[in-house]
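Undergrad: Below are the sequence and a predicted model for it; my questions follow.
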Amino acid sequence: MDNEKKSKVSDLMQSTIDKVRQLVDTNAIVGQPINTPDGVTLIPISRVNFGFGSGGGDYGKAPKENFGGGGGAGVKIDPVAFLIIKDGVTRVLPVAVPPATTVDRIIDMAPDLIDKAEKFLDKKKAEKEQEVL
């Protein structure tokens with residue numbers, strides 16, 4: 001394939017890649033923060049899948065004639081969760097279907113249970129320190 005044909009295929013591929021870049025950027029994965037009047041910040045988190053393909057070919061004997069090409073792209077964006085920030089505490093709120101099994105529920109509850117246990121232990125520690133004084 002001569003340079004002119006390579007250039008046409010390269011131009012076609014570059015055009016497809018540019019369109020995919022327009023659709024898929026970091027804001028599609030981690031969205032812009034949303035601030036509510038009561039001081040809560042919500043940050044949407046998404047999963048992005050994309051693909052593209054391009055190709056071309058020449059037909060006939062004349063090198064500058066009968067070039068055919070095509071390109072296509074697809075993007076799929078699925079919401080996954082929201083980061084919720086309130087009073088310096090960050091939580092994850094999944095958007096997915098609730099877990100189906102008991103083990104899945106326990107795994108999903110683990111971060112909240114750990115937070116509650118830490119707060120309880122900190123409170124007990126502070127009470128003991130007050131008793132010592």
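TA: Alright, I've got the coordinates. Residues are numbered from 1 along each chain as shown.
Undergrad: in the longest strand seen in the chain, what counts as buried?
TA: Longest strand in the chain by number of residues (criterion: DSSP state E): strand 67-86. When neighbours are counted by 16 or more other CB atoms under 10 Å, the buried residues of strand 67-86 are found to be F67, G71, A73, A81, F82, L83, I85. (Glycine included, C-beta is placed from N, CA and C.)
Undergrad: In this structure the first one contacts G55, no?
TA: No - proximity of F67 to G55 does not meet the contact threshold set by CB atoms under 8 Å, at 11.5 Å.
Undergrad: picking that back up, redo the buried residues of strand 67-86 as JSON lines? Include pLDDT and distance to N27.
TA: Supplementary listing: the buried residues of strand 67-86 in JSON lines, determined by pLDDT from 0 to 100; distance: CB to CB, whole Å:
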{"residue": "F67", "pLDDT": "73", "distance to N27": "36"}
{"residue": "G71", "pLDDT": "75", "distance to N27": "24"}
{"residue": "A73", "pLDDT": "75", "distance to N27": "18"}
{"residue": "A81", "pLDDT": "90", "distance to N27": "16"}
{"residue": "F82", "pLDDT": "90", "distance to N27": "15"}
{"residue": "L83", "pLDDT": "90", "distance to N27": "14"}
{"residue": "I85", "pLDDT": "91", "distance to N27": "18"}
